[in-house]
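Engineer: Structure for this input, please:
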Amino acid sequence: MKEFLQVLRRFVPPYKKYLVASVVFNILSAMLNIFSFAALIPILQILFQTGDAEAATAWMPWDWTNIQAVLMNNLNYAVNQLIASFGQTTTLLFIGLFLAVTTALKTTAYFLSSATIIPIRTGVVRDIRNQLYQKITSLPLGFFSEERKGDIIARMSGDVQEVETSIMSSLDMLFKNPILIVVYFSTLLFVSWQLTLFTIVFVPIFGWFMGIVGRKLKRQSIEAQALWSDTMSQVEETLGGLRIIKAFCAEAIMNKRFDKINSKYRDDIMRVNIRQTLAHPMSEFLGTVMIIIVLWFGGILVLSGKAITGPTFIYYMVILYSIIQPLKDFSKAGYNIPKGLASMERIDKILNAENDIKEPENPKHITTFEHQIEFRHVWFGYKASTNTSSNQTSSTSEGLGEAIWVLKDVSLVIPKGKTVALVGQSGGGKSTLVDLIPRYYDVQKGEVLIDGINVKDLGIHDLRQLIGNVNQEAILFNDTFRNNIAFGSTNPSEEAIEDAARIANAYDFVMQSEKGFDTSIGDRGGRLSGGQRQRVSIARAIMKNPPILILDEATSALDTESERLVQQALEHLMKSRTTVAIAHRLSTIKNADIICVLHEGQIVEKGTHDELLAIDGYYKKLHDMQS
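Structural biologist: As a prediction, this is how the structure comes out:
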């Protein structure tokens with residue numbers, strides 16, 4: 001219950017007004033229920049002519065010391081007056097009409113109490129999804145290199161859905177049932193405290209049985225949700241690698257692998273659901289046992305003529321039966337909530353994940369790039385980047401804990417307006433080096449500076465606004481050409497979008513498409529060729545118009561014709577910009593102002609194309625191999 005209340009404290013406060021309204025309507029519903037059933041006493045007295053009301057010959061004044069006697073006397077007196085004036089059958093009709101009116105009011109209040117909970121349920125689930133999405137977009141890239149995309153998707157879909165069906169669906173009964181139980185229990189005490197004290201002996205036993213099964217349910221739910229993540233991860237991997245699966249005729253292998261995970265998930269969720277189905281029959285049996293015992297004990301009191309009369313005992317049993325249903329709902333919630341808490345635990349692993357790329361407390365704001373980018377004695381290791389703090393920068397150059405340094409004491413100055421190319425073997429640290437400029441990762445030792453300011457001291461938004469990216473894999477969205485080119489721009493003009501497409505050599509094939517700039521390009525640009533996707537991504541970078549440009553092997557995956565068109569577009573894009581280009585094809589960076597050769601995390605050679613060929617070192621070997 002403590003964990004459940006913590007979830008409510010986190011997400012429910014924005015909806016307090018709905019909660020207050022629900023509580024008010026629940027109280028009203030419970031009170032009307034009591035008054036409506038109170039009509040049973042005079043009905044039974046009239047029908048069975050018990051004579052219990054004969055002593056009520058006068059209206060009694062209110063007496064706080066003897067409330068029950070005053071109420072029963074005045075109720076009986078009012079009924080006697082009605083019988084004397086209208087007869088027994090008409091009085092029965094009047095009491096029946098009173099019962100109908102109070103029942104109508106009660107059911108209306110009951111409906112309103114449930115209706116006011118719905119905005120809380122739906123709003124909290126929406127807020128959790130929004131918080132998850134915002135957290136995902138704010139977390140550094142290093143977090144996702146250690147997490148499976150399928151697992152994150154499972155938490156945002158299956159786990160959030162489980163929170164809605166388990167925890168949020170229990171809100172109604174958890175805010176309604178305590179009120180009903182308190183009101184009904186007070187009524188039971190009021191009608192017969194002796195019988196009520198006898199009854200409550202069985203309530204702790206009732207709760208103890210429910211608790212045993214509920215505790216096991218949470219543990220099994222956590223295991224089942226973890227297997228659901230594995231299932232979603234395999235689906236995501238399959239969709240991404242479908243071409244390879246078919247090429248290697250591995251359908252049967254993948255089917256068997258998926259069936260193994262899916263069957264294990266089925267077994268776990270089956271155990272969870274079987275245990276959950278115990279709630280109703282167990283509560284039904286315990287409730288029936290309690291009613292039988294109370295009937296026996298209450299019957300003794302009625303037959304002995306002590307403490308309670310026959311009609312009042314029937315009224316007592318009706319209220320007792322009314323309190324059993326809220327108790328059953330509590331037991332149902334006791335089974336549902338642990339499942340939701342298990343999912344909430346998994347969701348919190350993302351919501352509480354630490355973001356190491358932090359906005360500085362007093363960020364420096366820049367809007368232009370004036371002088372140079374500088375890497376000053378930069379060391380970086382991937383393994384510790386997600387949890388390394390500033391006081392851990394004293395590690396030796398031998399390694400970072402068990403990790404190996406990816407960059408080792410790299411120093412480099414990139415002047416404004418120059419093109420600097422990074423070449424070298426795969427895994428040499430080229431992509432890591434350029435990822436440090438926009439702070440996708442933070443260095444462990446050393447500094448990255450823009451115009452003499454450490455990037456850690458700049459506002460993250462200001463820093464990234466200065467930088468445009470064109471990557472080897474053109475990352476596009478399932479949207480139109482227009483929205484992909486204008487991505488991230490505020491109020492872009494039609495003319496600016498078309499100009500960007502022309503400069504990127506994309507205008508012609510865009511206009512030849514079915515709806516021009518309003519044509520959808522499919523999932524990740526799947527309806528386009530590799531060269532077309534790359535030119536759209538270049539048009540997007542042109543639209544942003546950044547002073548610093550990062551090109552990460554932008555032409556390496558293209559055929560000769562596409563490479564020529566993309567290279568032309570890149571030359572337009574690179575004009576008057578500071579460019580950092582990663583390249584495997586040395587032919588694409590011959591004209592770079594500075595070429596840096598990275599080998600095992602260090603810059604081993606630096607110069608122009610001709611100067612590096614003259615050195616007869618790493619660059620010359622790479623050039624000769626490609627020639």
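Engineer: H572 touches I542, doesn't it?
Structural biologist: Yes - with the criterion set as Cβ atoms under 8 Å, H572 and I542 qualify as a contacting pair; they are 7.5 Å apart. In short, each C-beta sits where N, CA and C put it, glycine included.
Engineer: intersection of neighbour lists for these two?
Structural biologist: Common neighbours of H572 and I542, using Cβ atoms under 8 Å, 6 or more residues apart in numbering, are 503-504.
Engineer: of these two, who's got more company?
Structural biologist: A count of neighbours by other Cβ atoms under 10 Å puts I542 above the other of H572 and I542, at 25 against 14.
Engineer: Look up the closest residue to the more buried one, ignoring the ones flanking it.
Structural biologist: Here the nearest residue to I542 in space, its sequence neighbours aside, is A500; by Cβ to Cβ, 6 or more residues apart in numbering that works out to 4.3 Å.
Engineer: Please give me every residue in contact with that neighbour.
Structural biologist: Neighbouring residues of A500 by Cβ under 8 Å, 6+ apart: 485, 539-540, 542-543.
Engineer: switch to 7 Å and redo it
Structural biologist: Under the criterion of Cβ atoms under 7 Å, 6 or more residues apart in numbering, the neighbours of A500 are 485, 539, 542-543.
Engineer: now swap in G150 and tell me
Structural biologist: Counting by Cβ under 7 Å, 6+ apart, G150 makes contact with 229, 232-237.
Engineer: what about the stretch 451-600 of the chain, any weak spots by pLDDT?
Structural biologist: Per-residue confidence of the stretch 451-600 of the chain (counting by pLDDT under 70) places the weak regions at 554-563.
Engineer: ok, back up a step: so which of the contacts of A500 comes closest to G522?
Structural biologist: Nearest to G522 out of these is I485 (Cβ to Cβ; 15.5 Å).
Engineer: which SS class is V597?
Structural biologist: Classification of V597 by DSSP: H, G, I helix; E, B strand; the rest coil places it in strand.
Engineer: repeat for A421
Structural biologist: strand.
Engineer: who's in contact with it?
Structural biologist: Contact analysis of A421 by Cβ under 7 Å, 6+ apart lists 581, 583, 589, 592, 595.
Engineer: ok, 8 Å please
Structural biologist: By Cβ under 8 Å, 6+ apart, the contact list for A421 reads 580-583, 589, 592, 594-596.
Engineer: coming back round to it: ok, now how distant is the residue nearest to I542 from E494?
Structural biologist: Shown here: A500 relative to E494, a distance of 11 Å by Cβ to Cβ, to the nearest Å.
Engineer: ok, back up a step: and of the contacts of A500, the nearest to T103?
Structural biologist: Distance from T103 was checked for each of the contacts of A500 by Cβ to Cβ. The minimum falls on I485, at 63.7 Å.
Engineer: Isn't the closest one up against R535?
Structural biologist: No - the pair I485 and R535 fails to qualify as a contact (Cβ under 8 Å) at a distance of 10.1 Å.
Engineer: overlap in contacts of those two?
Structural biologist: The contact sets of I485 and R535 overlap at A506 (Cβ under 8 Å, 6+ apart).
Engineer: Would you mind checking which helix or strand in this protein has the lowest mean pLDDT?
Structural biologist: Of all the helices and strands that make up the chain, helix 40-48 has the lowest average by mean pLDDT, DSSP states H and E, namely a mean of 64.
Engineer: quick one, what contacts the closest residue in space to A541 that isn't next to it in sequence?
Structural biologist: Across the structure, with Cβ to Cβ, 6+ apart as the measure, the residue nearest A541 apart from its sequence neighbours is G468 (4.0 Å). Residues in contact with G468, defined by Cβ under 8 Å, 6+ apart, are 541, 544-546, 548-550, 573.
Engineer: ok, now N26?
Structural biologist: By Cβ under 8 Å, 6+ apart, the residues touching N26 are 109, 113, 175-176, 179-180.
Engineer: mind redoing it with 6 Å?
Structural biologist: Taking Cβ atoms under 6 Å, 6 or more residues apart in numbering as the criterion, N26 is in contact with 113, 176, 179.
Engineer: what helix or strand is I120 on?
Structural biologist: helix 118-138 (DSSP states H and E).
Engineer: Quick one: mean pLDDT over that helix.
Structural biologist: Here helix 118-138 scores 85 as its mean pLDDT.
Engineer: do stretch 346-354 as well
Structural biologist: Averaged across stretch 346-354, pLDDT comes to 84.
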